[in-house]
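Q: can you look at this prediction? I've put the sequence above it.
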Amino acid sequence: MAVPVNEPDSSRFYVTTPIYYVNGTPHIGHAYTTILADVLTRYHRLFGKATWFLTGTDEHGLKVQEAAEAAGMEPKAYCDGMVGRFMELWEQLGIRYDRFIRTTDPDHVAYVQEVLQDLFDRGEIYSAPYQGWYCVPDERFWTEKDIEDGNCPDCGRTVIELEEENYFFRMGKYREWLIEHINANPGFIHPDSRRNEVLGFLKKDLGDLCISRPKSRLAWGITLPFDSDYVTYVWFDALINYVTATLELEAPSPEEGWWPADLHLIGKDIITTHCVYWPTMLKAAGLPLPARIAAHGWWLVDEEKMSKSRGNVVRPLDLATRYGVDPFRYFLMRDMTVGLDRSFSEVDMIQRYNSDLANDLGNAVNRVTKMIGRYSDGVIAAPGAAGGEEEREIEALARRTVESTRSLVETLAINQVIEEILGLVRAVNRYLEVRAPWNLAKDESGAELLATTLYTSAEALRIAGVLLGPVMPTRTGDLLRQLGASPESEGGYDALTSWGGLEPGDPVPGGEGLFPRLELPEDLQV
Ligand code: MSP
């Protein structure tokens, strides 16, 4: 099937998450990647682009086969039972993807077979004996020099020696080409440290890639179209999902398709597969490469990796239930710098909530809506001529924040986007202290400046609310309603964020505190 291709441009945004192993339990790491994709999609939509957001599950492989056997089920039925946990969690976390792809979906199976047949017909796949050390839990072959004291260099578990006939993809011959591509496209791998890591990896000889498993050992996979005794090995099948999902999509415009993706979001653990295997596979298939692959770091707990055996796995739903979906999303986006590791702590999360959301944002909205209620009969008053430097500064800061949001989103610096928006909110709180509307309200001579002050603060907060929308869609909807602004994001970024959106005479309903202060739960107090 011909893939409708698009030159990467700025009119549409196609983002993917890794497809998660269906037998894993969704944790904060999975939630982080998927929320990040959701936030980026919402920003790009706000910027006026056509967007497409893909996530899903990776369902083939030995571990699933074994788990299904242990449960006395067919693998597909087992997967059907597991996949809902991811879908439900994404629903509960306010994630709005466009397609949830499963590697067992018939269109995916068909397309993987089509790619395999094409590569085989053109000599890009060949069969050869394969001897290696095999890590069963990781489903990975290692060479003699890779293994460490008879153990898997990745997970440390014992490997077994295996020799068998297999199929290989001629990956090695693309090494030079890939190095050139990476050097010629500095934005291809993000951040730079990861690009250097990949270039370092490519300094060594790049072997061919074993892409099959005999059915005698692994039956649960996509059958090779040219040899029905074999299935394709999970990564080959998994990566292709990113293209499958675009095949039947309505094109964003008559001139363009959805492939290549604008952004693959991945964790640092799957860089080699995405930055080496995947580009070479695409090259061999004659398809263009994604514009960018961004690898984020790990969420750790007490500086350590999360694991079931350590019993320190952080469950996203527990936190979202305890503290609210939007505050949870806010924390993950605010406290992680894309690319670096970050230790998760519930205490940090509560402190972040109290300082940014309760003290700064919630307090500002509460103060301003209450004062409009008290001093202006609950309606927006027209700003008067009085006013000066202070007002111009707030307005200028709002404009700068609108611009920097757009440019920082392009560089994936969501934590900085948030920090800038909160900078605007804090400036409003300081401005209120300077103008002291409660004093201006004391006599008639202050009326004009009072109106200006209330308008300026409410309007700056409205803009902050629009800008934070992708991170906290529900709470910012409430925020905008409290200010009497529309929570609908129609109208385009420039229109929604230009100064003067609040109409004099409109009611400002106010309402419940948006972010009530949190106390540290007893079990977290030291
Ligand atoms: N199925 C493969 C991906 C195939 S993509 C074509 C896979 N699945 S996974 O279930 O193990 O999830 C992988 C992703 O989960 C990681 O790349 C990363 O995005 C995320 N994370 C898993 N643990 C993580 C943390 N502790 N912290 C942050 N993200 C991590 O690999």
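A: Cool, got the structure.

Q: partner strands of the helix or strand of the chain at the bottom of the mean pLDDT ranking and their direction?
A: In the chain, the helix or strand scored least confidently by mean pLDDT, DSSP states H and E is strand 140-142, which has a mean of 75. In the sheet, strand 140-142 lines up against strand 125-135 (antiparallel) (DSSP bridges).

Q: all helices of the stretch 101-250 of the chain, in order?
A: 106-121, 175-184, 192-203, 234-239, 241-247 (DSSP state H, counting those that start in this stretch).

Q: and those as TSV, adding distance to residue 26 and mean pLDDT?
A: For glycine as for every other residue, the C-beta is placed from the backbone atoms N, C-alpha and C. Listed next are these as TSV, based on distance: least, CB to CB, whole Å; pLDDT from 0 to 100:
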stretch	distance to residue 26	mean pLDDT
helix 106-121	21	98
helix 175-184	32	98
helix 192-203	24	96
helix 234-239	17	93
helix 241-247	18	96
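
Q: between these, which one is nearest to the ligand?
A: helix 234-239 (3.8 Å; CB to the nearest ligand atom).

Q: who does the closest residue to the ligand within the stretch 251-400 of the chain bridge with?
A: The stretch 251-400 of the chain approaches the ligand most closely through residue 267 (2.5 Å), counting by CB to the nearest ligand atom. Per DSSP bridges, the residues bridged to residue 267 are residue 296.

Q: ok so, going back, now the helices of the stretch 101-250 of the chain as a markdown table including distance to the ligand and mean neighbour count?
A: Shown next, in a markdown table, are these (distance: least, CB to the nearest ligand atom, whole Å; neighbours: other CB atoms under 10 Å):
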| stretch | distance to the ligand | mean neighbour count |
| --- | --- | --- |
| helix 106-121 | 11 | 18 |
| helix 175-184 | 18 | 14 |
| helix 192-203 | 12 | 15 |
| helix 234-239 | 4 | 24 |
| helix 241-247 | 6 | 23 |
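
Q: circling back: okay, the residue of the stretch 251-400 of the chain closest to the ligand: pLDDT?
A: pLDDT, residue 267: 96.

Q: can you check residue 519 too?
A: 89.

Q: check the one 4 residues further on too.
A: The pLDDT attached to residue 523 in the predicted structure is 76.

Q: equivalent analysis for residue 6, please.
A: pLDDT, read off for residue 6, is 54.

Q: what does residue 1 give?
A: So residue 1 comes in at 62 (pLDDT).

Q: please tell me how far residue 500 sits from residue 371.
A: Separation of residue 500 from residue 371 (CB to CB, to the nearest Å): 20 Å.

Q: more neighbours: which of those two?
A: residue 371 (21 against 10; other CB atoms under 10 Å).

Q: which helix or which strand is home to the more buried one?
A: Counting by DSSP states H and E, the element that carries residue 371 is helix 363-375.

Q: can you list contacts of that helix?
A: 378-381, 425, 428-429, 432, 437-438, 441, 450, 454, 457-458, 461, 479, 482-483, 508-511, 513-514 (CB atoms under 8 Å, 6 or more residues apart in numbering).

Q: how does it look with 6 Å?
A: For helix 363-375, the surrounding residues in contact (CB atoms under 6 Å, 6 or more residues apart in numbering) are 425, 428-429, 437, 441, 454, 457-458, 461, 479, 482, 508, 510, 513-514.

Q: and for stretch 518-526?
A: So stretch 518-526 is contacted by 346, 347, 350, 353, 354 (CB under 6 Å, 6+ apart).

Q: equivalent analysis for stretch 174-182, please.
A: By CB under 6 Å, 6+ apart, the residues outside stretch 174-182 that reach it are 188, 202, 206, 279, 280, 283.

Q: apply 8 Å and report the result again.
A: For stretch 174-182, the surrounding residues in contact (CB under 8 Å, 6+ apart) are 188-189, 195, 198-199, 202, 205-206, 275-276, 279-280, 283-284, 289.

Q: same deal with stretch 22-32?
A: With CB under 8 Å, 6+ apart as the criterion, stretch 22-32 contacts 20, 57-59, 63-64, 67, 79, 82-83, 85-86, 89, 93, 102, 267, 296, 298-299, 306, 308, 313-316, 319, 332, 336, 344.

Q: give me that answer again for 6 Å
A: For stretch 22-32, contacts defined as CB under 6 Å, 6+ apart pick out 20, 57, 59, 63-64, 67, 79, 82-83, 86, 89, 299, 313-314, 316, 332.

Q: which among those gets closest to residue 401?
A: Taking CB to CB as the measure, residue 401 lies nearest residue 332 of the contacts of stretch 22-32, at 21.2 Å.

Q: who touches that closest one in this structure?
A: Neighbours of residue 332 in contact, by CB under 6 Å, 6+ apart: 32, 35.

Q: and it, that one's in a helix?
A: Yes: assigned with DSSP: H, G, I helix; E, B strand; the rest coil, residue 332 falls within a helix.

Q: what's the pLDDT at residue 487?
A: 81.

Q: before we move on, back to that, put the buried members of the contacts of stretch 518-526 into a PyMOL selection.
A: The buried subset of the contacts of stretch 518-526, as determined by 16 or more other CB atoms under 10 Å, is captured in PyMOL by this line:
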select buried, resi 346+350+353+354
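
Q: dump the contacts of stretch 518-526 into CSV; add pLDDT and secondary structure as well.
A: Converted to CSV, these look like this (pLDDT from 0 to 100; DSSP: H, G, I helix; E, B strand; the rest coil):
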residue, pLDDT, secondary structure
346, 92, helix
347, 93, helix
350, 95, helix
353, 97, helix
354, 97, helix
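
Q: pipe the contacts of stretch 518-526 into a markdown table and attach distance to residue 417 per row.
A: Converted to a markdown table, the contacts of stretch 518-526 look like this (distance: CB to CB, whole Å):
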| residue | distance to residue 417 |
| --- | --- |
| 346 | 24 |
| 347 | 24 |
| 350 | 22 |
| 353 | 18 |
| 354 | 21 |
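
Q: and of the contacts of stretch 518-526, the nearest to residue 112?
A: Minimum distance to residue 112 across those is 41.5 Å, recorded for residue 346 (CB to CB).

Q: hmm, stretch 65-78 in reach of the ligand?
A: No: with CB under 6 Å from any ligand atom as the measure, stretch 65-78 is seen stopping short of the ligand, the closest distance being 13.7 Å.

Q: quick check: residues of the stretch 251-400 of the chain near the ligand?
A: So the stretch 251-400 of the chain meets the ligand at 266, 267, 269, 270, 298, 299, 306 (CB under 6 Å from any ligand atom).

Q: buried subset of the residues you listed?
A: 266, 267, 270, 298, 299, 306.

Q: residue 414 versus the third one, what's the distance?
A: The reference is to residue 270. Separation of residue 270 from residue 414 (CB to CB): 21 Å.

Q: then the fifth one?
A: According to CB to CB, residue 299 stands 15 Å off from residue 414.

Q: go on, residue 200?
A: Using CB to CB, residue 200 is found at 28 Å from residue 414.

Q: and the contacts of stretch 22-32, which are buried?
A: Buried among these (16+ other CB under 10 Å): 20, 57, 59, 63-64, 67, 79, 82-83, 86, 89, 299, 314, 316, 332.
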